[in-house]
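# task: produce atomic coordinates for the following.
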Amino acid sequence: MTNDPNQQQAAAVENAATGDRGGLTQAELDELVASSDTGGRGAIGPVGIFLTCVALAWSLFQLWIASPIPFMVGWGVFNDTESRSIHLAFAMFLAFAAFPATRSRFQIGLGIVVPVVLAFLFMTGAKDGTVTWWIPIVALVVVAAVVLGSPKDRIPVWEWGLALVGALAALYLFVYYREISGRVGAPVLQDFVVAVIGLMLLLEATRRALGPALMIVASVFLVYTVLGPHMPSIISHKGNSLSEIVNHQWITTEGVFGIALGVSTSFVFLFVLFGSLLDRAGAGNYFIQVAFSLMGHMKGGPAKAAVVSSAMTGLISGSSIANVVTTGTFTIPLMKKVGFSSEKAGAVEVASSVNGQIMPPVMGAAAFLMVEYVGIPYFDVVKHAFLPAVISYIALVYIVHLEALKAGMEGLPRAYTPKPIVQRLIGMAFTIAAICAVSFIVYYGMGWIRPAFPQTAGYIIFAFLTAVYVGLLYIASKEKPLELDDPNAPVTSLPLPGPTIRSGLHFILPVVVLVWALMVDRLSPGLSAFWATAYMIFILLTQRPLTAMMRGNSALGAAVRTGVADLIDGLETGARNMIGIGIATATAGIIVGAVSQTGVGSALADVVEVLSGGNILAILFLTAILSLILGMGLPTTANYIVVSALLAPVIVTLGQQNGLIVPLIAVHLFVFYFGIMADVTPPVGLASFAAAAVSGGDPIRTGLVAFFYSLRTAALPFLFIFNTELLLIEVTWVQGIFVFVVATIAMLLFAAATQGWFLAKNRFYETIALLLVAFTLFRPGFWMDMVAPPYTEEAPTELAAAALATPADEDLRLRVAGVNDLGDPIEFVAILPIGEGATGEERLESSGLILREADGKMMVDDVVYDSAAAKAGLDWDQTVLRVLRPVDQPSKYLMFIPALLLLGLIVFLQRGRNSRPVRKPATA
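Predicted structure coming up:
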């Protein structure tokens, strides 16, 4: 079979179309995931054992540097640069060893062209007399290795050479750290050689592990770095020499070894490893079975269960493709049984699996990158991201429900008679009360233990957790072990919810440890993941032997050996899952380094402003389109890094110029949401191809339907840019609950409008009305500002009077003209909080602003350092063009009244129409 995932998927679709089969076999699906996530070369023979040992060494190294042990023993402590160097060395070695070179003509051509072009550029950039005769030799060696290619079942000698040299180039900063630190900015010939080899091999590793797109984008930025003077005037720059590129991209931590690789080293690896171990312990299957036992009986039940199980699986898998294949092999056939077409079944799985990346607490790698880029605590990132993610999943469940209504589907049969609704509600209430009581006892119990036993609190907590774990394992041992059912077998009944839930409650404990460490103890993400992973290792090693003992099974030795094997497999899989992420973050560092080195960010701001006409909505659309285009070939993590580095500051700056204060976290979440949408979008959405390979449907149609289902995810970023309450920014708990309820209702109405079905099939005017109601619930202030403007305009010369009439701690909006840091003219809106004072002048001075009037114009005479005026962007010699004073405005929530009346009219109209199913349900 070919190594190209797209060719594999196309072959699967062709087979399905000709009636040969309904999709790929499980072995072929595993190979598909391996070729895109963990590498196509498996662990077979001595070479396979060696690769397993390397992967294990990588996992153990990451656990070591994350643990407190090195600091306790005073040995094996690495600084950030050294850790990143070793991390990339492992990733480079395994990229060449685990990912064979593809044989497609385009890939081979790209692997030849890029080293040749880079060799030419590097020689062109050697302006200071550096010896460059060796650069073409390096390029020819890389080209030769590409042309020779490599088989999937063995590793040729030249592949070993590339793997070893790539690892040594990455290790260079670790081995020569002291020497390099003494000559930063003045690289020697040895630095030149290692950096050029490292950059070329890193790009080739990117091509193998991640495909051509990221390699092309990074290469374009390197070309731009050297050929800056020859670019169009709006994006031109002075150009950088080879010495500057080597120093910036490889020798320091501004490029390849920058923040992105640091996040991969410090945080991401451990979370991926934690998910791999949790999945190996059986949690993935447990989540699927629980979801089916609870939701399988509903209309379109398998699809709803697919959504819920994918949300839970998102905790343990950062890969959209792996999530699709893991849950999809079970859910997609069952969805087809109850009436979903192949394309719709695949699309539901794609939409739910891709959204796993927006679900806290892990969110792939993006949450940890946001911590570094935005500069806010991890807890705040999770808080801001939580509400949109939950709303998006609720809306997807509702979309599935609407599809089931339209098709007249039924759920799967239950093996038990459900209790009366009142009894179920009472049982649910008692369950919630019990959970709250336990949470209360645990929270305050922990709070008492720590001050009471400061030296031994950790041991006491571990003993308590272990007692709970043994108790839950005892409960699980009394139930039948969960086995993944054959989705192609006839479905006679669903599993019982009670026994299914009880059979794996102990899997929740490591997640509780992780969330507790992150959210309550506020430990660093790396240390939190370490303790959760350490506890997960403890569970992996003990759950099988303890269960065997509790069930009276005499094969205790076999259970111990199986537990050890599970641990080794989980450690290896976690490392192999990290190859692509490690390479992606390093290569994205090239792009980030080029942006900071060339100043293209400010040039791009000018380009975007020209294209958008300065309109913030147009800027957002341009950003969304760029994210989708780049994301078609870039992994989500790399896409987020690139687009956020290029456009996040632009959106914030141009938003301020338009009077819209956009929090930086909102912009980063906006970019991230559209980055994950690219996994869905045809023609390159690999998650859609993977789902089509399982369902036997057409991959392009599957992607289009999935994109249609994902419109709710695409709408949310635009909404939380203009309504930051959705991100729980500056809201109380009561307000947060209110926002959640209203936003959920609005998103459900949006889903009903886009699906063309509410209580009955929508007429076109009902769809428009539903969209109008949804928009009003999301942004009631939009209409209220039109009815009763929140500001009144004053003459600039009346600024002091406007300040006197403005209540203290409220904001004046000033449109001012001045110059930016480069001396270019600029206009922007400054939001100035007004301080206390008896006169308007005193109030302005308490805000740090001193004015003067000259020739009928109001000028900024001085701004107090670090004052509210300075933070608003005001500076001396700026001219005040407009003054907007706040006025009393009715509550924006009054707009809910006409919206709800319109919704009531739609309900009245649709209830009066025939809402019977449009077609009969398909038979199993």
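# C-alpha from now on. contacts and neighbour counts both.
Fine.
# for Val348, what are its contacts?
Contacts for Val348 (CA atoms under 8 Å, 6 or more residues apart in numbering) come out as 303, 306-307, 400, 706, 709.
# element containing it, please.
helix 342-354 (DSSP states H and E).
# and the next helix or strand past that helix?
helix 366-374.
# what helices or strands is the following helix or strand past that following helix leaning on?
Moving toward the C-terminus from helix 366-374, the next helix or strand (DSSP H and E) is helix 378-407. Counting contacts by 3 or more CA pairs under 8 Å, 6 or more residues apart in numbering; DSSP states H and E, helix 378-407 packs against helix 301-313, helix 342-354, helix 366-374, helix 664-677, helix 711-722, helix 733-755.
# tilt between helix 378-407 and helix 342-354?
Compare the direction of helix 378-407 with that of helix 342-354 by axes from the mean of the first three to the mean of the last three CA atoms, to 10 degrees and you get 160 degrees.
# helix 378-407: how far from the chain's middle?
15 Å (CA atoms, centre = their mean, to the nearest Å).
# how about it: buried residues?
Going by neighbour count (16 or more other CA atoms under 10 Å), the buried part of helix 378-407 is 378-382, 384-407.
# about what we covered before: the inter-axis angle of the helix holding Val348 versus helix 301-313?
Using the same axes, to 10 degrees: helix 342-354 against helix 301-313 is 20 degrees.
# centre of the chain to helix 342-354, how far?
19 Å.
# repeat for stretch 53-62
Relative to its chain's centre, stretch 53-62 lies at 25 Å (CA atoms, centre = their mean).
# before we move on, what about stretch 72-86?
Counting by CA atoms, centre = their mean, stretch 72-86 comes out at 28 Å from the chain centroid.
# okay, buried residues for it please.
77, 81-86.
# can you tell me the average pLDDT over the longest helix anywhere in the chain?
Counting by DSSP state H, the longest helix found in the chain is helix 556-598. For helix 556-598, mean pLDDT rounds to 89.
# ok, then the element right after that helix?
Using DSSP H and E, the helix or strand that follows helix 556-598 in sequence is helix 600-612.
# just the CA coordinates for that following helix, please, in PDB.
Only the C-alpha atoms of helix 600-612 are listed here, as PDB (Å, rounded to 0.1, in the frame of the first residue of the first chain):
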ATOM      1  CA  VAL A 600       7.000  41.700   8.200                       C
ATOM      2  CA  GLY A 601       4.300  42.000  10.900                       C
ATOM      3  CA  SER A 602       4.100  45.800  10.600                       C
ATOM      4  CA  ALA A 603       4.200  45.500   6.900                       C
ATOM      5  CA  LEU A 604       1.500  42.900   6.900                       C
ATOM      6  CA  ALA A 605      -0.600  45.300   9.100                       C
ATOM      7  CA  ASP A 606      -0.400  47.800   6.300                       C
ATOM      8  CA  VAL A 607      -1.400  45.200   3.700                       C
ATOM      9  CA  VAL A 608      -4.400  44.000   5.700                       C
ATOM     10  CA  GLU A 609      -5.500  47.500   6.400                       C
ATOM     11  CA  VAL A 610      -5.400  48.400   2.700                       C
ATOM     12  CA  LEU A 611      -7.300  45.200   1.700                       C
ATOM     13  CA  SER A 612      -9.900  45.600   4.500                       C
END
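# next SSE downstream of it?
The C-terminal neighbour of helix 600-612 among helices and strands, as given by DSSP H and E, is helix 616-631.
# and that following helix, what other elements does it pack with?
Against helix 616-631 (3+ CA pairs under 8 Å, 6+ apart) you get helix 600-612, helix 636-657, helix 664-677.
# orientation of the second one relative to helix 556-598 in degrees?
Just to be clear, that refers to helix 636-657. When the same axes, to 10 degrees is applied, the directions of helix 636-657 and helix 556-598 differ by 40 degrees.
# same check on the first one?
With the same axes, to 10 degrees applied, the angle from helix 600-612 to helix 556-598 works out at 80 degrees.
# what lies in contact with helix 600-612?
With CA under 8 Å, 6+ apart as the criterion, helix 600-612 contacts 234-235, 595, 614-615, 618-619, 622, 645-647, 650, 654.
# same for the longest helix of the chain, what does it pack against?
Where contact means 3+ CA pairs under 8 Å, 6+ apart, helix 556-598 is packed against helix 45-66, helix 80-98, helix 189-210, helix 212-226, helix 259-263, helix 269-281, helix 525-550, helix 636-657.
# what distance do you get for the residue lying farthest from the centre of the chain to Thr797?
In the chain, counting by CA atoms, centre = their mean, Asp855 sits farthest out from the average C-alpha position, at 53.7 Å. Between Asp855 and Thr797 the computed distance is 11 Å (CA to CA, to the nearest Å).
# now swap in Met312 and tell me
59 Å.
# ok, now Leu242?
Leu242 is 55 Å from Thr797, by CA to CA.
# if we can go back for a sec, now the buried residues of stretch 72-86 as JSON lines including pLDDT?
Output for those, formatted as JSON lines (pLDDT from 0 to 100):
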{"residue": "Val77", "pLDDT": "90"}
{"residue": "Thr81", "pLDDT": "92"}
{"residue": "Glu82", "pLDDT": "94"}
{"residue": "Ser83", "pLDDT": "95"}
{"residue": "Arg84", "pLDDT": "95"}
{"residue": "Ser85", "pLDDT": "96"}
{"residue": "Ile86", "pLDDT": "96"}
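# among those, which two are most distant?
Val77 and Ser85 (13.8 Å; CA to CA).
# from what I see, Arg701 and Ala345 are in contact.
No: Arg701 is beyond contact range of Ala345, at 11.4 Å (criterion: CA atoms under 8 Å).
# who has more neighbours, those two?
Of the pair Arg701 and Ala345, Ala345 is the one with more neighbours under other CA atoms under 10 Å, namely 31 against 20.
# quick revisit: pick the most buried one from the helices and strands packed on helix 616-631.
Of all the helices and strands packed on helix 616-631, helix 664-677 carries the top mean neighbour count, a mean of 25, counting by mean count of other CA atoms under 10 Å.
# helix or strand right after it?
Next in line after helix 664-677, if elements are assigned by DSSP H and E, sits helix 686-695.
# torsion angles phi and psi at the residue lying closest to Gly149 once chain neighbours are set aside?
Distance criterion CA to CA, 6 or more residues apart in numbering; nearest residue to Gly149, sequence neighbours excluded, is Ala101 at 5.4 Å. When read as degrees, to the nearest 10, the backbone of Ala101 gives phi -70, psi 130.
# around Ala101, count how many other residues there are.
Ala101 has 28 neighbours, counted by other CA under 10 Å.
# who are the packing partners of the helix or strand harbouring Pro898?
Using DSSP H and E, the element containing Pro898 is helix 896-911. Judged by 3+ CA pairs under 8 Å, 6+ apart, helix 896-911 is in contact with helix 764-778.
# just the CA atoms of the helix it packs on, as CSV, please.
C-alpha atoms of helix 764-778 as CSV (Å, rounded to 0.1, in the frame of the first residue of the first chain):
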residue,chain,number,x,y,z
PHE,A,764,-37.3,30.8,4.0
TYR,A,765,-38.7,33.7,6.0
GLU,A,766,-38.6,31.5,9.2
THR,A,767,-35.0,30.7,8.6
ILE,A,768,-34.2,34.4,8.3
ALA,A,769,-36.3,35.1,11.5
LEU,A,770,-34.4,32.4,13.4
LEU,A,771,-31.1,33.9,12.4
LEU,A,772,-32.3,37.3,13.5
VAL,A,773,-33.5,36.0,16.9
ALA,A,774,-30.2,34.1,17.4
PHE,A,775,-28.1,37.2,16.5
THR,A,776,-30.2,39.4,18.9
LEU,A,777,-29.7,37.0,21.8
PHE,A,778,-26.0,36.9,21.1
